[in-house]
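Q: When you get a sec, could you give me coordinates for this:
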Amino acid sequence: MMTRALGAHSLARDLGNWQDDSNRRSAARPAYRALAEGIRLLVHDGRIPLGVALPSERELASVLELSRTTITSSYSVLRDEGYLISRQGSRSTVALPHGTRQNGLMFRAHLPDSDNSVVDLSYAAMAAPAEAVEQAYSAALQSLPQFLPTHGMEPVGIAALRDVIAERYRRRGLDTAPEQIMVTSGAQHALRLLLSVLTAPGDRVLIDHPTYPNALEAIRRVGARPVPVPIRPEAGSSGAWDLDGVRSAARQTAARMAYLIPDFHNPTGLCLDESGREELSKIARETRMMLVVDETMVDLWLDAPSPGPVAAYGPGKGSADVVTIGSAAKSFWGGLRVGWIRADPALITRLAGARAAVDLGTPVMDQLAAAHLLADDELVLARRRAELREQRSAMLDALADRLPDWVPTIGSGGMSLWLRMTAPVSTALAATAPNYGVLLAAGPRFGVEGAFERFVRLPYARVADDLRRGVNGVAMAYETLAVDRDLGEPRLVI
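A: Numbers count the residues shown, from 1 in each chain. Model (predicted):
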């Protein structure tokens, strides 16, 4: 089996000014040590995926303008620390040291005794717009009698909802017929159906890195293997997606499918620009890889709307190489378990056949309620976006006050901030935070095999007072880890 290799120029780009950083911290630190540390941090940040081969010593020495002895010494340090695995007859591949996930900083979490004082920042979902949802279900109840004489099971969804969803795509510039829509029981159900039809055990699936944790779990459950391609938030929407990396990874791994979130990406909130969407569609065609685009956050733009569906950028504005997933859960309410798939009619037929082994359709009442909400959603969504803007500002203000050293990625939409901390303590922080009234999802949940220990996702989907309390609790938990900001490593306070 061919090992995916990391290019020397890509590694040099991600290392940035590693020599300058090293000189500021310790003028006496040898270059090989500084280089090893820079590579180690990239592994923990998810910038270097596990299992890839680092560039050859000769190639990296040439690009970094260092002696080959320096590169050899750096690789030796990484090998001794467990970050490189060497096998006879093959190149060394990137790994995490044994036991990294349980790094000795885990605490037993004791929830406060309370009275609803816990701020749950482990999920990105808003409370329902109660009046709108109640009206939708009232309207659904009025429409229900026409379905009662039938068996009530619709594997592809009721016509009324499929019509509404198809019209929404048409308004966004993507010609869509109801026959191209399948209604599912949420976006997660949609992805699981697609994985069951499009992949087999052992197949590779390209993913953004970081990505949505439940998508990672779905990929693993079908026996497929996620292939991470790093997102680079510092490059902004025009460069955050490494499209050359997507193309290279697709070719090197012969990936059957890619699962990407270009619309207000979870967890960063970034949005891929027009040229990137066109290039992404082109890559799918060139590599014959099915591109599954998750649009569950598409309605939650805060600074500027999405440039349009990725499928609209293919030939004939409806490429069969691009499948789109949507959902009502993030836009309206997580308790409304209605999602959908937009795909070529032939694929919809295959999905309908595969669905019989899982379920026989989404509940009719929920579909009718979703059709009511989606048909007239402008006012509700405008209010939701206004709330999220205010809440994002409240969280940013609180972070600037309590955790000024943390660097947030501020996307143009979505429900969360992706924050880089000064040290790789995310798992320890998530374990400690409940003692201070906050629940968190650790950064490694959003990556493959322990990446993102220096990152944490903080959703701003709650009211401002809760967010301020949450950030204060996170800050107090962080202080107990006594992070040494010079060494970038945590110490326990006994």
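
Q: how many neighbours does Pro230 have?
A: 22 (other C-beta atoms under 10 Å). Where you see a C-beta, it was placed from the backbone N, CA and C, and this is true even at glycine.

Q: Just the C-alphas of the helix or strand that contains it, formatted as PDB.
A: Element membership for Pro230, per DSSP states H and E: strand 225-230. These are the backbone C-alpha positions of strand 225-230, laid out as PDB (Å, rounded to 0.1, in the frame of the first residue of the first chain):
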ATOM      1  CA  ARG A 225     -10.700   5.600   6.700                       C
ATOM      2  CA  PRO A 226     -10.700   9.400   7.000                       C
ATOM      3  CA  VAL A 227      -7.900  11.200   5.200                       C
ATOM      4  CA  PRO A 228      -7.400  14.600   6.700                       C
ATOM      5  CA  VAL A 229      -6.600  17.700   4.700                       C
ATOM      6  CA  PRO A 230      -5.700  20.700   6.900                       C
END
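
Q: any idea how far the helix or strand just after that strand is from the chain center?
A: Downstream of strand 225-230, the first helix or strand assigned by DSSP H and E is helix 236-239. Relative to its parent chain, helix 236-239 has a centroid offset of 16 Å by C-alpha atoms, centre = their mean, to the nearest Å.

Q: Touching the next helix or strand after helix 236-239 from outside, list them.
A: Next in sequence after helix 236-239, counting helices and strands by DSSP H and E, comes helix 243-253. By C-beta atoms under 8 Å, 6 or more residues apart in numbering, the residues outside helix 243-253 that reach it are 2, 4-5, 7, 10, 204, 206, 227, 229-230, 255, 258, 276, 279-280, 283, 286-287, 289.

Q: Going through those residues, which ones are buried?
A: For these, burial is judged from neighbour counts taken by 16 or more other C-beta atoms under 10 Å, and it is met by 4-5, 10, 204, 206, 227, 229-230, 255, 258, 276, 279-280, 283, 287, 289.

Q: so which of the residues you listed comes closest to Pro404?
A: Distance to Pro404, by C-beta to C-beta, is smallest for Pro230 among the buried ones among the contacts of helix 243-253, at 26.0 Å.

Q: The closest one pairs with what?
A: Taking DSSP bridges as the rule, Pro230 bridges to His209.

Q: Tell me which residues touch it, please.
A: Asp14, Gly46, Arg47, Ile48, Pro49, His209, Asp242, Gly245.

Q: if I look at the closest residue in space to the fourth one that isn't next to it in sequence, how far off is Leu50?
A: Right, Ile48. Nearest residue to Ile48, sequence neighbours excluded (C-beta to C-beta, 6 or more residues apart in numbering): Leu42, at 4.6 Å. From Leu42 across to Leu50, the span is 11 Å (C-beta to C-beta, to the nearest Å).

Q: Tell me the secondary structure at Phe452.
A: Following DSSP: H, G, I helix; E, B strand; the rest coil, we place Phe452 in the coil state.

Q: To which secondary structure element is Glu286 assigned?
A: Judged by DSSP H and E, Glu286 forms part of helix 274-287.

Q: Give me the contact list for that helix.
A: 237-238, 241, 243, 246-247, 250-251, 255, 258, 260, 262, 272, 289-291, 307-308, 310-311, 313-315, 319, 321-322.

Q: mind redoing it with 6 Å?
A: Trp241, Leu243, Val246, Arg247, Ala250, Leu291, Pro307, Val310, Tyr313, Gly314, Ser319, Asp321 (C-beta atoms under 6 Å, 6 or more residues apart in numbering).

Q: now the residue in the chain sticking out farthest from the centre: how far from Val77?
A: Centroid-distance maximum for the chain: Pro149 at 42.9 Å, with C-alpha atoms, centre = their mean. From Pro149 across to Val77, the span is 73 Å (C-beta to C-beta).
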